[in-house]
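# can you look at this prediction? I've put the sequence above it.
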Amino acid sequence: MKQIWISKAGTPDVLKTQTAPDPIPHNGEIRIRVQASGVNFADIMGRMGTYPDAPSIPYVPGYEVAGVIDMVGQGVPNFKDGDNVFAATRFGGYSDVVCAPYKQAFKRLDWMPVTDAAALPVNYMTAYMMLIVMGSLKPGDKVLIHNAGGGVGLAALDICNIIGAETLGTASPEKHQFLIGRGLRHPIDYRNRDFEQVVQDITGGQGVQLILDPIGGKVWPKNYRSLSPTGRLVHFGISSTATGTKRSLLGLLRMLVWLPFYTPFKLMNDNKAIIGANLGHMWEHADMMQDWMRQIVAWYDEALFRPHIDKTFKFEDAPAAHQYIQSRKNIGKVLLIP
């Protein structure tokens, strides 16, 4: 099999392609011949050496794949050789052959392109977890989506549109027209506008019911002030620490300076909620993930959304894929094709 390894912490060129014998599935696992692998910001932070959940370097990154089963381990019900599937992987997804627990795998609709399937696990389950499961999203809620043009941002926008929420989203100006076409009600130019002031203007000073924040740092206090009473702020990343292509201690220190401190008394008095979401810590709760994906696939089957595949890269071009995302060029999903 062919794999992409993070050889050491650093810039995108530390990604190296290597070959190894094909793995054999253990009890409860399926083996997938991978046709597409998702690229996520967690992979980039792992490459930079700033992702706390990552294995010790060197390792093979990757959280999601889609392809065809070619071997089934013992104790696996409902899957067989030749099934078209997609799966969440606990690292190792940058590989053209992957073994994954069957509970983290999902059957692909016959007419679902493999690229769409590879775009679903991380982005759409993360968005579903934040909005539906933890955020109690309701029709008419106003939702601020930071990095609305990213993979999770677009997934969140799709779900908000399905539920009937009013969306505000921060993005660079060149992405606004696309996002408006995608259903974003209020695009916000975060480079030239203070998003907090824009939120106050749009809501008449009332704030929004839900905020999704993958950025952290100096936006933390602005987000809290932008919540309405009973509002929920969901933290799911700290991309503000990854401003360059390699680890920056200065970026980490800047993040710590802005680290908020919410006491239970303040939250009670303000009638606000702070929520943390990390799909990578849900591996022991695969039954919940299966429930979420059933709903996501049902929405897909009803043609209520389609993931936007921004760009695909060959495996050997994985460094370029990382650079593309870190340069904030992507709108939606970036994939690797073995």
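Thanks, I have the structure now. Residues are numbered from 1 along each chain as shown.
# per-residue confidence averaged over stretch 27-41?
The average pLDDT for stretch 27-41 rounds to 98.
# now stretch 328-338
95.
# quick one: end-to-end length of that stretch, please.
24 Å (C-alpha to C-alpha, to the nearest Å).
# mind listing what's buried along it?
330-338 (16 or more other C-beta atoms under 10 Å). No exception for glycine: its C-beta is placed from N, CA and C like everyone else's.
# right, and the pair among the residues you listed with maximum separation?
The distance between the two most remote of the buried residues of stretch 328-338 (C-beta to C-beta) is 23.7 Å, for Ile331 and Pro338.
# distance of Asp287 from Arg294?
11 Å (C-beta to C-beta, to the nearest Å).
# between these two, which has more neighbouring residues?
Arg294 (11 against 8; other C-beta atoms under 10 Å).
# alpha carbons only: can I get the helix or strand hosting the more buried one in PDB?
Assigned by DSSP states H and E, Arg294 falls within helix 286-301. The C-alpha trace of helix 286-301 is given here as PDB (Å, rounded to 0.1, in the frame of the first residue of the first chain):
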ATOM      1  CA  ALA A 286     -19.700   5.100  17.500                       C
ATOM      2  CA  ASP A 287     -23.400   4.300  18.000                       C
ATOM      3  CA  MET A 288     -24.000   8.000  18.300                       C
ATOM      4  CA  MET A 289     -22.000   8.800  15.200                       C
ATOM      5  CA  GLN A 290     -24.000   6.100  13.300                       C
ATOM      6  CA  ASP A 291     -27.300   7.900  14.300                       C
ATOM      7  CA  TRP A 292     -25.900  11.300  13.200                       C
ATOM      8  CA  MET A 293     -24.700   9.900   9.800                       C
ATOM      9  CA  ARG A 294     -28.100   8.200   9.200                       C
ATOM     10  CA  GLN A 295     -29.800  11.600   9.300                       C
ATOM     11  CA  ILE A 296     -27.100  13.200   7.200                       C
ATOM     12  CA  VAL A 297     -27.300  10.600   4.500                       C
ATOM     13  CA  ALA A 298     -31.100  10.800   4.600                       C
ATOM     14  CA  TRP A 299     -30.800  14.600   3.900                       C
ATOM     15  CA  TYR A 300     -28.400  13.800   1.100                       C
ATOM     16  CA  ASP A 301     -30.800  11.200  -0.300                       C
END
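# chain center to that helix, what's the gap?
16 Å (C-alpha atoms, centre = their mean, to the nearest Å).
# contacting residues around the nearest residue to Lys2 once chain neighbours are set aside?
Distances taken as C-beta to C-beta, 6 or more residues apart in numbering place Asp96 nearest to Lys2, at 4.8 Å, with adjacent residues excluded. When contacts are counted by C-beta atoms under 8 Å, 6 or more residues apart in numbering, Asp96 touches 1-3, 33-34, 315, 338.
# worst-scoring helix or strand of the chain, pLDDT-wise?
helix 249-257 (a mean of 63; mean pLDDT, DSSP states H and E).
# helix or strand right after that helix?
Under the assignment DSSP H and E, the closest C-terminal helix or strand after helix 249-257 is helix 264-270.
# list the buried ones in that next one?
Applying 16+ other C-beta under 10 Å to helix 264-270 flags no residue as buried.
# give the next helix or strand downstream of it.
strand 273-276.
# quick check: mean pLDDT across the helix holding Arg294?
98.
# just the buried residues of that helix, please?
289, 292-293, 296-297, 299-300.
# check stretch 217-229 too.
217, 219-220, 222-224, 226-228.
# which members of those residues occur in strands, if any?
Mapping the buried residues of stretch 217-229 onto strands (DSSP state E) picks out 227-228.
# I'd like the buried residues of stretch 217-229 as CSV, with distance to Met129 and pLDDT appended.
Listed next are the buried residues of stretch 217-229 as CSV, based on distance: C-beta to C-beta, whole Å; pLDDT from 0 to 100:
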residue, distance to Met129, pLDDT
Gly217, 23, 83
Val219, 21, 91
Trp220, 20, 90
Lys222, 23, 95
Asn223, 18, 96
Tyr224, 21, 96
Ser226, 21, 98
Leu227, 19, 98
Ser228, 22, 98
